[in-house]
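>>> Coordinates for the following, if possible.
(one chain, ligands or ions: 1)
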Amino acid sequence: MKYKVSVDREKCIACGACQVVCPDVFDINEDGTAKCLVNETDDDCVKEAADSCPVMAINIEETGE
Ligand code: SF4
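Predicted coordinates:
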């Protein structure tokens, strides 16, 4: 499955969980908030990252097989 992925920096509380769960997709900005290294991925860890985000700041959208 492919996913479009984005982070809402307004919501992000800089906990770092997404980067721990899915380091190939998420990185941390200087202010501690998360950013996406890619806009699209087929790495299923983005679902786990979205589930582990305490403020639901990670948006994922399935775009195909
Ligand atoms: S898990 Fe959510 S709140 Fe934590 S750094 Fe990632 S996007 Fe921000």
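
>>> Correct me if wrong: Thr41 contacts Met1.
No: contact criterion C-beta atoms under 8 Å: Thr41 and Met1 do not qualify, at 9.8 Å. Any C-beta I mention is one placed from the backbone N, CA and C, and that applies to glycine too.

>>> between those two, who's got more neighbours?
Neighbour totals were compared for Thr41 and Met1, and Thr41 leads with 20 against 13 (other C-beta atoms under 10 Å).

>>> wait, what's in contact with that one?
Residues in contact with Thr41, defined by C-beta atoms under 8 Å, 6 or more residues apart in numbering, are 2-3, 5, 24-25.

>>> Please identify which two of those are farthest apart in space.
Spatially, the most separated pair among the contacts of Thr41 is Lys2 and Asp24, at 14.4 Å (C-beta to C-beta).

>>> which parts of the lowest-mean-pLDDT helix or strand in the chain are buried?
The helix or strand of the chain with the poorest confidence is strand 58-64; it has a mean of 94 (mean pLDDT, DSSP states H and E). Of all the residues in strand 58-64, those buried under the rule 16 or more other C-beta atoms under 10 Å are 58-60.

>>> Paired strands for it, with orientation please.
Sheet pairing for strand 58-64, assigned by DSSP bridges, gives strand 2-7 (antiparallel).

>>> Can you list the buried residues in the longest helix that the chain contains?
In the chain, taking DSSP state H as the definition, the longest helix is helix 45-52. Neighbour-count burial for helix 45-52, with 16+ other C-beta under 10 Å as criterion, is recorded at 45-47, 49-50.

>>> Excluding covalently adjacent residues, which one is nearest to Glu40?
Nearest residue to Glu40 in three dimensions, chain neighbours excluded: Lys4, at 5.5 Å (C-beta to C-beta, 6 or more residues apart in numbering).

>>> so that neighbour sits right up against Val38, yeah?
No: applying C-beta under 8 Å as the test, Lys4 and Val38 come out as separate, 9.8 Å apart.
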